[in-house]
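Peer 1: sequence unknown, structure follows:
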């Protein structure tokens, strides 16, 4: 019996989030467990690195499970993909230490949010990005992103997983990259609050469109002002990577 770490990619459009919930609601965890059972898994629950909301995508979600498997990790990857639905795939499989936990052992997580600037609908892009108009000011986006780097109390931008939990998080990276009429926001932190990335994106775009002052955003980060309780749409958000100390995964 070995513990395996798998990297998952999925299109979140038709999932009710990543975490298994009540029966009849389609989730990433539920589909992975179905695929595992088809190849002989007898466990009760896989471990996940974190929750993604309904409609949120992933290219680097991490899951772990114990399995009696007599073949190679590559064979396990192929077997899982043969049993997963078309909107899910395993990109890598590794043997991990027996006590590896993809959530509690994570050193950081990185998300990417995509938006594009057009006055009219673009059905081919709107499945994976937020259409924004008028176009936000790029310099404002960049300056606001830099505010979030470091250790802050992000209570104005999300809620902790537990009711009495801390809202303090350390952001290692936050920045916007332009490409033609698109912008992507990359943010990496030791952990994230519930809805934190989508709220960060919303307030930055609102300020960059002139609907909210940059000073108000800065004061909200310092706990001195309130900001709109709005979220950027889930469809623009992707969990890109979860990082771990090197000693936690066998090569």
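Peer 2: Arrived safely, thanks for sending. Computed from a prediction, not measured in an experiment: that's the story for all the values here. Numbering: from 1, shown residues only.
Peer 1: do a quick rundown of the helices in the stretch 1-150 of the chain.
Peer 2: 28-38, 73-83, 138-147 (DSSP state H, counting those that start in this stretch).
Peer 1: which of these sits closest to residue 131?
Peer 2: Closest of the helices of the stretch 1-150 of the chain to residue 131 is helix 138-147, at 16.1 Å (criterion: CB to CB). Heads up, the C-betas are built off the backbone N, CA and C, glycines and all.
Peer 1: residues in contact with the closest one?
Peer 2: For helix 138-147, the surrounding residues in contact (CB atoms under 8 Å, 6 or more residues apart in numbering) are 174-176, 178, 183, 185, 187, 203-205, 207-208, 214, 217-218, 221.
Peer 1: could you find the closest non-adjacent residue to residue 216?
Peer 2: Of all residues not flanking residue 216 in the chain, residue 225 sits nearest, at 5.2 Å (CB to CB, 6 or more residues apart in numbering).
Peer 1: what residues are up against that neighbour?
Peer 2: Counted by CB under 8 Å, 6+ apart, residue 225 has contacts 156, 216, 219.
Peer 1: pLDDT added to those residues, as CSV?
Peer 2: Shown next, in CSV, are those (pLDDT from 0 to 100):
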residue, pLDDT
156, 96
216, 96
219, 96
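Peer 1: which of the residues you listed are buried? Put it as a ChimeraX command.
Peer 2: Selecting only the buried entries of the contacts of residue 225 in ChimeraX, with 16 or more other CB atoms under 10 Å as the criterion:
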select :156,216
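Peer 1: with secondary structure added, can I get the contacts of residue 225 in CSV?
Peer 2: CSV is the format used below for the contacts of residue 225 (DSSP: H, G, I helix; E, B strand; the rest coil):
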residue, secondary structure
156, helix
216, helix
219, helix
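Peer 1: quick check, nearest of the contacts of residue 225 to residue 14?
Peer 2: residue 156 (32.0 Å).
Peer 1: OK, contacts around the residue nearest to the closest one when sequence neighbours are not counted?
Peer 2: In space, not counting the residues next to it along the chain, residue 156 is nearest to residue 220; the distance is 4.2 Å by CB to CB, 6+ apart. By CB under 8 Å, 6+ apart, the contact set of residue 220 is 156, 157, 203, 226, 227.
Peer 1: any idea how far the fourth one is from residue 218?
Peer 2: Same thing as residue 226. Distance, residue 226 to residue 218, by CB to CB, to the nearest Å: 13 Å.
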